[in-house]
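Asker: could you look at this predicted model? Sequence included:
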2 protein chains.
Amino acid sequence: MGQSQTEQALSRLREMVFSGELAAGSNHFEADLADRLGMSRTPVREAALTMKAQGLVDVQPRRGVRVCPISAEDMADIYDVLCELESLAAARAAERGYTANDLQIAQNCIDAMDAALTDNDRTAWAEADDRFHAELVRLGGNARVIEIVARYTDQVRRARMMTLPLRPLPVKSNEDHRAVLDAIQIGDAARARDLHRAHRNAARSLLTGLIRDLGLHRL
Amino acid sequence: MGQSQTEQALSRLREMVFSGELAAGSNHFEADLADRLGMSRTPVREAALTMKAQGLVDVQPRRGVRVCPISAEDMADIYDVLCELESLAAARAAERGYTANDLQIAQNCIDAMDAALTDNDRTAWAEADDRFHAELVRLGGNARVIEIVARYTDQVRRARMMTLPLRPLPVKSNEDHRAVLDAIQIGDAARARDLHRAHRNAARSLLTGLIRDLGLHRL
DNA sequence: ACCCTTAATAACGTATACGTTAATGTATGC
DNA sequence: GCATACATTAACGTATACGTTATTAAGGGT
């Protein structure tokens, strides 16, 4: 048997939020969403409640489900969190003494990013970048860090996709990734942490600056 | 007008989890909980779903709502997160140039901890300690950090209360707090960060060691 | 014309009903 | 005696019904 209606509602609503089909800041009644998804209000309500706990939507009486917009300040706050926790993960990964084989998935992500760069395919690059960061965090071995990074990555996913074509080609980013992975491989935790922190700080400045400069106040 | 049934269910169930009235690892059917709370299954279900998203319980078909136990590894993971994010908050707070007046609440918490120590009142100490950490994080000014620290503090709340009488009197802890607050007041972000990180690392070692040594594998 | 009162509406919060399904116990065949 | 098939049960998942309440619109008074 497949998944429950609630699970379906959750994954479909998440997709609708990420893709922008439900625009940032827009409101949607439970009954409407239930109709669109072909189910009753109950599973929609439960999914909305979960998404509220994940910080993706607000739920207000008689205003429906509201897709949380991301401001430049939100972006800065979230990248601060990602910066700290991912660089912690990098340090922990370095301490774990992984073999080259253990790091193969991360290596593949980097290769995919390189390939995407030469193809000038930003979407493929962003996808591989996402996978690299998730894998790095997984290698850190802290279940809570994995959770948090996944949640806050989701919160900025839509905003990041929208700014993707506005950013310079992320050539430096790929070098950063390689350096971090090297530090992990040779077991230099402090170096892995510092390199990754610098990498994320750069991303933070770039994105918040972009949002601010272009007046994209509510993504 | 009071709060909704769902909100009541949420706060009462949270209280039952924190106090241990619902023991770690125990299972509870929705219908039973609904009876105990004097309401129907619907609001209980919604509250349980929210608590699941907060990592306080698991919800499994035909096994009911299960209170998540905390292992030594969980404790270590969570303190790693708290360590990073609270010390980030300390650094950010230092950068903000707060006046002595702005830091009054934190100062009051430290004083309360001192008083609790001379009274040998561990419960009062723990409560003031909680408030100090929450205030520190608030001073950091990052809404996401505030959220995360609150959530993971909740996850270890019950376990921390249970180990409270087993710990040595936290004299050093009060000195640490003072030093961190001093660093914030003089605007030394790096020092505030490092001091707080050391403080949290000590707490981490103490608690995980305690759990491991006493064989308290599932708190 | 504007404001205040009031009625209509619609979305929600919650109770309830009911079909589904997994777990348990029982009976039957080997 | 053991395993397997079947019946029973109980908890859940989901639809639905309904009372509550905020919002909107209308109407009347100033």
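Answerer: Looks like it arrived, so ask away. Numbers count the residues shown, from 1 in each chain, chains lettered A, B, ... in the order given.

Asker: C-alpha from now on. contacts and neighbour counts both.
Answerer: OK.

Asker: ends of stretch A:133-152, how far apart?
Answerer: 12 Å (CA to CA, to the nearest Å).

Asker: and that stretch, does that touch chain B?
Answerer: Yes: with CA under 8 Å from any CA of the partner chain as the criterion, chain B is reached by stretch A:133-152 at A:142-145.

Asker: buried sites along that stretch?
Answerer: For stretch A:133-152, the buried set under the neighbour-count rule, 16 or more other CA atoms under 10 Å in any protein chain shown, comprises A:133-142, A:144-146, A:148-150, A:152.

Asker: repeat for stretch A:212-219
Answerer: Buried residues in stretch A:212-219, counting neighbours by 16+ other CA under 10 Å, are found at residue A:219.

Asker: tell me how far the ends of that stretch are from each other?
Answerer: Across stretch A:212-219, the straight-line distance between its terminal residues is 11 Å, by CA to CA.

Asker: tally of neighbours for residue A:3?
Answerer: Other residues lying near residue A:3 total 8 when counted by other CA atoms under 10 Å in any protein chain shown.

Asker: can you tell me the element it falls in?
Answerer: For residue A:3, there is no enclosing helix or strand under DSSP states H and E.

Asker: over to residue A:59?
Answerer: With DSSP H and E as the criterion, residue A:59 is inside strand A:57-60.

Asker: of the residues of stretch A:133-152 next to chain B, closest to residue B:56?
Answerer: Within those, proximity to residue B:56 (CA to CA) peaks at residue A:144, which comes in at 12.7 Å.

Asker: hang on, the earlier thing: list the ones among the buried residues of stretch A:133-152 that fall in helices.
Answerer: Applying DSSP state H to those, the entries found in helices are A:133-140, A:144-146, A:148-150, A:152.

Asker: can you list the weak-confidence ranges in chain A?
Answerer: Screening chain A residue by residue with the criterion pLDDT under 70, one finds the ranges A:1.

Asker: domains in it, as residue ranges please.
Answerer: A:5-67, A:72-213 (automatic domain parsing).

Asker: between those domains, which gets nearest to DNA strand D?
Answerer: Distances from DNA strand D to each of these were compared using CA to the nearest atom of the strand; the shortest belongs to domain A:5-67, at 3.1 Å.

Asker: quick one: the closest one near DNA strand C?
Answerer: Yes: against DNA strand C, domain A:5-67 shows contacts by CA under 7 Å from any atom of the strand at A:28-31, A:42, A:60-65.

Asker: which of those lies closest to residue A:81?
Answerer: Looking at the residues of domain A:5-67 next to DNA strand C and their distance to residue A:81, the nearest is residue A:65, at 26.1 Å (CA to CA).

Asker: circling back: got a markdown table for the residues of stretch A:133-152 next to chain B, with distance to residue A:99 too?
Answerer: Converted to a markdown table, the residues of stretch A:133-152 next to chain B look like this (distance: CA to CA, whole Å):
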| residue | distance to residue A:99 |
| --- | --- |
| A:142 | 19 |
| A:143 | 21 |
| A:144 | 24 |
| A:145 | 22 |
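
Asker: ok, back up a step: closest one of the ones in helices among the buried residues of stretch A:133-152 to residue A:99?
Answerer: The shortest gap between residue A:99 and any of these belongs to residue A:139, at 11.5 Å (CA to CA).

Asker: so how far is residue A:88 from the closest one?
Answerer: Following CA to CA, the distance that separates residue A:139 from residue A:88 is 11 Å.

Asker: check residue A:129 too.
Answerer: Distance of residue A:129 to residue A:88, computed by CA to CA: 18 Å.

Asker: neighbour-wise, which of the two wins?
Answerer: Under the criterion of other CA under 10 Å, the comparison of residue A:129 against residue A:88 puts residue A:88 first, with 26 against 20.

Asker: my guess is the more buried one contacts residue A:191, does it?
Answerer: No: applying CA atoms under 8 Å, one finds residue A:88 not in contact with residue A:191, separated by 11.2 Å.

Asker: show me what contacts residue A:131?
Answerer: Listed by CA atoms under 8 Å, 6 or more residues apart in numbering or on different chains, the contact partners of residue A:131 are A:106, A:109.
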